[in-house]
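S.K.: test case, fold it:
(one chain, ligands or ions: 1)
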Amino acid sequence: MGFEHTSVMPNQVHAYQNLSPGDICVDCTLGGCGHAAATLKAIGSDGLLIGIDQDMDAITNARNVLHLFKDNVRLYHNNFSDLPGILTDAGINGVNSILLDLGFSLNQLTQSKRGFSFKKEEPLDMRMDVRNPLTAHQVVNTYSEKKLADIFFTYGEERFSRRMAKAIIETRASSPIATSLELAGVIENAMPARAKAKQKIHPATRVFQALRIVVNRELERLETFMQAVPSMLVKGGRISIISFHSLEDRIVKQRLRAFENGCTCPRQFPKCICGFVKQMESVTRKPVTAEPDELNANPMARSAKLRVAQRV
Ligand SMILES: C[S@@+](CC[C@H](N)C(=O)[O-])C[C@H]1O[C@@H](n2cnc3c(N)ncnc32)[C@H](O)[C@@H]1O
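M.R.: This next block holds a predicted model:
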């Protein structure tokens, strides 16, 4: 299976990572390995890259693509929420750089045959790690109407969540909804014509996002990971995170803010007595977005937001 490079904001990420030869780095989301290859070039023959992806296809691809750097790479088929354990087992106390480029890869969308795209006739699966038990098929065909509506509203921010959940329940009463295209059709028909005409994205975009988040427990994993960030970086080490929707970005922003300014003392107190210790400092005050050239060439970059922070 041919992987395509899908690195978003390669130049900005590279500049913010501030890498030096010999650094120890982690790429938590290898995907097509565009960012990983650039990191390996920057850290040179004395550096080490820990590469992680929960999708075995991405690990297999990384073995090929990063072959030339094999002495400087260790690959892990894991969830990035397992990173603290991976570093402990490897005897690494702290790293210079961690990168997360969240969401799914172009390969997963176009070639995985796991139903990530609403434009393809594929089984409703949506698992990034096929060892996990829960599939989108199970969610769509067994969850209650209320639970589905809540999922579409909470994780897809979908206005018509109730109508869509109702349409699913009615359709599956005669036979299960088996493919991504079938589900996309049900969702499209449930959306009022006026709303459909007004919006620029496909009517099923938000529902597919919501299902992917639930199946892969994406926000839960990100939250677990974020809590451990300061403990995994050396002083001056940087975390760079690219997110693609507001639910992810909110978790990243709030966690980084809590590490930087989590003092809970009332404002009028002359000095802090709550015991807060500042662990991180923002490098990017505002999220960084893609340059116009990249936006023209790669529509996936449109919603990307990069936040970078440094261990103090
Ligand atoms: C946007 S792609 C990364 C693209 C990559 N940076 C590149 O240069 O090609 C996201 C990748 O992260 C992986 N991924 C997403 N969430 C993950 C998680 N919680 N743990 C491990 N891998 C994850 C996906 O399987 C996918 O391969």
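S.K.: what about residue 36, neighbour count?
M.R.: If you count neighbours by other Cβ atoms under 10 Å, residue 36 ends up with 27. Using the backbone N, CA and C atoms, a C-beta is placed for each residue, glycine as well.
S.K.: go ahead and confirm it touches residue 51.
M.R.: Yes: Residue 36 is within contact range of residue 51, at 5.6 Å (criterion: Cβ atoms under 8 Å).
S.K.: what do the two both touch?
M.R.: With contacts defined as Cβ atoms under 8 Å, 6 or more residues apart in numbering, the residues shared by residue 36 and residue 51 are 27, 30, 62, 66, 73.
S.K.: who are the packing partners of the strand or helix carrying residue 87?
M.R.: Per DSSP states H and E, residue 87 falls inside helix 83-89. Other helices and strands packing on helix 83-89, by 3 or more Cβ pairs under 8 Å, 6 or more residues apart in numbering; DSSP states H and E, are strand 48-52, helix 229-232.
S.K.: what mean pLDDT does the last one have?
M.R.: For helix 229-232, mean pLDDT rounds to 98.
S.K.: work out the gap between that helix and the centre of the chain.
M.R.: 18 Å (Cα atoms, centre = their mean, to the nearest Å).
S.K.: tell me which residues are up against that helix.
M.R.: Residues from elsewhere that reach helix 229-232 (Cβ under 8 Å, 6+ apart): 26, 83-84, 87, 94-95, 98, 239, 255-256, 259, 279-280, 309, 311.
S.K.: residues contacting stretch 278-295, please?
M.R.: By Cβ under 8 Å, 6+ apart, the list of residues contacting stretch 278-295 reads 8-9, 11-12, 16, 229-230, 238-239, 249, 253, 256, 259-261, 298, 301-302, 304-312.
S.K.: repeat that for 6 Å
M.R.: Contacts with stretch 278-295, where a contact means Cβ atoms under 6 Å, 6 or more residues apart in numbering, come from 9, 12, 230, 256, 259-260, 301, 304-310, 312.
S.K.: for stretch 296-307, same thing?
M.R.: 8-9, 241-244, 249, 252, 284, 287-288, 290, 294-295.
S.K.: isn't residue 164 right up against residue 190?
M.R.: Yes: with contact defined as Cβ atoms under 6 Å, residue 164 and residue 190 form a contacting pair (4.7 Å).
S.K.: more neighbours, those two?
M.R.: residue 164 (28 against 22).
S.K.: so the more buried one: helix, strand or coil?
M.R.: Three-state assignment for residue 164 (DSSP: H, G, I helix; E, B strand; the rest coil): helix.
S.K.: can you pull the contacts of it?
M.R.: Neighbours of residue 164 in contact, by Cβ under 6 Å, 6+ apart: 152, 187, 190.
S.K.: 10 Å instead?
M.R.: By Cβ atoms under 10 Å, 6 or more residues apart in numbering, the residues touching residue 164 are 148-149, 152-153, 156, 158, 183, 186-191, 203-204, 206-207, 210.
S.K.: so who does residue 143 touch?
M.R.: 149-151, 165, 168-169, 214.
S.K.: pull out the buried members of these.
M.R.: Among these, those buried by neighbour count (16 or more other Cβ atoms under 10 Å) are 149-151, 165, 168, 214.
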